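# test case, fold it:
(2 chains)
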Amino acid sequence: MTIHTAFESKPLHPDFLITDDGLFFADAAGSKLIHALDSKFRRMALAAGSEERKFPTVIAEETLNRSEYFQSFPGYASSVIEPSRKGRYFLSPAVCYHCYELLKSSVLSGETLITCCGKCFRADSADDSHLWEFTMREVVFFGSPGFIREQRDAWKQHILDLSVRLGLSAEVVAASDPFFGAETRGKRLLQQVREFKYELRVRRPSGKDMPLASFNLHEHFFTSKFDITIKSGDTLHSGCVAFGLERWCMAMIEKHGAEEALRLVENVDDLR
Amino acid sequence: MGSDATSASKPLRPAIESLLRFVNEDLLADSKKKVECDTPLFDEGWIDSLKILRLIAFLEVAAGKKIPDALIVMDRFRTIETIAKNFLNQ
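Here you go, the predicted model:
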């Protein structure tokens, strides 16, 4: 079925398109595939012991301020102007910020995993893989430094194995965020040398690499900023794994076609 | 457990000694933590985003050449010894 939008766009594939402003449209097959992919990641998160949470698409300016988001990524967050609301809001640039706000000033009884899925918005650029609006499934973990690294590394291996079973030619590589500001290069190199961030990347037919998932260590950054502690009194770190669902959809369709992509996602074993 | 470079029976090679002194007396001047040649430098967060830049600047002067960002990875920066081996020909 042809996809019609009110916006300028370039046709990438019969099953999906991306407008010049970075909005993603999928046909029925693509939409079904995105739901199937999220069901799979959600099932894996719940099997790992995650609690599920639902968060709003907008996020309070205060939460992003506390996360130093504006210093690290100026120009990324899209503001929401609604004079009738009391607070100042932005469109959420990642789902996990809500988790830290949720747990602010709390004492966890033990290691904690939370999974959440939501719409995210990043206004930095728009091309055939950087969307302004996209859907992110995340698993956020809290625990000792050793627990967080174990979780991150286990997810990294597990998702790499899954990508192989899904027929994707993907690889896991050390990565860094595109920091801005006075300490840009230092932050980026520290993240790189300390292996805080890995990405699962796939090569597209265009020859460009596209990240499908990221596996991140935050150390005590968010637990300190949001005053989250653990009953044992031990050092509490956090980490997360994030899946960009539209990118998985694009990668699977480009590799297999929509029908086979859906068959694979629905049938490939996702158990650890 | 000391490495060859920290062994009391062997004097430290000048480049390692100079790097060790820089890390302990300059980078970690505001910290009680002091490192040896085989101490993992990045496990505990002593080196922040500014200190890593100062470390790289020190190495670039000592080595007399720029260090590409792509080479700043854990395998080459784990300890003083690893850094000296990879960037100071020690």
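
# for the residue in the stretch 101-250 of chain A that chain B sits nearest to, give me its contacts.
Nearest residue of the stretch 101-250 of chain A to chain B (CB to the nearest CB) works out as A:G186 at 3.3 Å. Every residue, glycine included, has its C-beta placed from N, CA and C. Going by CB atoms under 8 Å, 6 or more residues apart in numbering or on different chains, A:G186 touches B:D48, B:S49, B:L50, B:K51, B:I52, B:L53.

# same thing with A:A261?
Neighbours of A:A261 in contact, by CB under 8 Å, 6+ apart: A:L33, A:C249, A:M252, A:I253, A:K255.

# swap in A:E82?
A:Y89.

# any idea which element it lies in?
Per DSSP states H and E: A:E82 is located in neither a helix nor a strand.

# and it, how far is that from A:R88?
9 Å (CB to CB, to the nearest Å).

# and of the contacts of A:A261, the nearest to chain B?
A:K255 (28.5 Å).

# for chain B, what lies in contact range of chain A?
B:42, B:45, B:47-53, B:56, B:69, B:72-74, B:77 (CB under 8 Å from any CB of the partner chain).

# ok but B:N89 is inside a strand, no?
No - looking at B:N89 with DSSP: H, G, I helix; E, B strand; the rest coil, it is coil, so not inside a strand.

# contacts only, for it.
B:A15.

# show me the contacts for A:F141.
Listed by CB under 8 Å, 6+ apart, the contact set of A:F141 reads A:E111, A:T112, A:L113, A:I114, A:F147, A:I148, A:Q151, A:R152, A:S238, A:G239, A:C240.

# for A:A258, that is, sorry about that
With CB under 8 Å, 6+ apart, A:A258 has these contacts: A:D15, A:D27, A:A29, A:G30, A:L33.

# where does it land on pLDDT?
pLDDT recorded at A:A258 is 94.

# now do the one 10 residues further on
We note a pLDDT of 92 for A:V268 in this prediction.

# try A:S176
81.

# same question, the one 10 residues further on
Turning to A:G186, the model gives it a pLDDT of 90.

# so where's the chain uncertain?
The chain I'm using is chain A. A:1-2, A:10-11, A:179-183, A:271-272 (pLDDT under 70).

# was after chain B, sorry
B:1-12, B:90.

# so for it, the centremost residue is which one?
Nearest to the mean C-alpha position of chain B, by CA atoms, centre = their mean, lies B:I80 at 3.4 Å.

# okay, now the nearest residue to that residue once chain neighbours are set aside: neighbour count?
Nearest residue to B:I80, sequence neighbours excluded (CB to CB, 6 or more residues apart in numbering or on different chains): B:C37, at 4.5 Å. Residues near B:C37, counting by other CB atoms under 10 Å in any protein chain shown, number 24.

# the residue of the stretch 101-250 of chain A closest to chain B sits in which helix or strand?
Going by DSSP H and E, A:G186 is in helix A:184-193.

# re the thing from before, out of the contacts of A:F141, which are inside helices?
Those of the contacts of A:F141 mapping onto helices are A:F147, A:I148, A:Q151, A:R152, per DSSP state H.

# contacts only, for the first one.
Spelled out, it's A:F147. Here A:F147 is in contact with A:E111, A:F141, A:H237 (criterion: CB under 8 Å, 6+ apart).

# nearest to A:D209, of these?
A:F141 (26.5 Å; CB to CB).
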